[in-house]
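**Student:** Starting from these lines, generate the structure:
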Amino acid sequence: MKYILFTTCLLLCISCTVDVKPTVTRQDLNTTIEVLRKTQAKVDDLTKRVDELEKSNADLTSKVNSLQH
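**Tutor:** From the prediction side, this is the model:
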């Protein structure tokens with residue numbers, strides 16, 4: 001039991017004395033933001049294309065229905 005307590009205290013002391021630096025840099029964040037912007041632009045483009053296809057599909061369905069009657 002004393003060994004576990006000693007080890008825990010030692011680890012706490014080591015963790016308090018070690019200078020922790022952030023692992024993510026501003027450049028990493030800027031790169032991630034740029035990738036997200038490009039991805040959002042692609043999503044917006046695909047959404048627009050899907051909307052156009054849905055409209056075209058509705059127009060074709062309407063024409064087919066009018067030809068059947």
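
**Student:** Mind jotting down where the helices sit in the chain?
**Tutor:** 2-17, 26-68 (DSSP state H).

**Student:** Columns mean pLDDT on top of these, output as JSON lines?
**Tutor:** Shown next, in JSON lines, are the helices of the chain (pLDDT from 0 to 100):
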{"stretch": "helix 2-17", "mean pLDDT": "64"}
{"stretch": "helix 26-68", "mean pLDDT": "93"}
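
**Student:** mind putting those in TSV, mean neighbour count included?
**Tutor:** Where you see a C-beta, it was placed from the backbone N, CA and C, and this is true even at glycine. Converted to TSV, those look like this (neighbours: other Cβ atoms under 10 Å):
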stretch	mean neighbour count
helix 2-17	9
helix 26-68	10
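
**Student:** roughly how far apart are Glu54 and His69?
**Tutor:** Distance, Glu54 to His69, using Cβ to Cβ, to the nearest Å: 23 Å.

**Student:** Likewise for Asp59?
**Tutor:** Asp59 is 16 Å from His69, where distance means Cβ to Cβ.

**Student:** next one: Asp28
**Tutor:** Counting by Cβ to Cβ, the gap from Asp28 to His69 is 61 Å.

**Student:** got it, and Val35?
**Tutor:** For Val35, the distance to His69 - Cβ to Cβ - is 51 Å.

**Student:** ditto for Asn30
**Tutor:** Distance from Asn30 to His69, counting by Cβ to Cβ: 59 Å.

**Student:** Much appreciated, bye for now.
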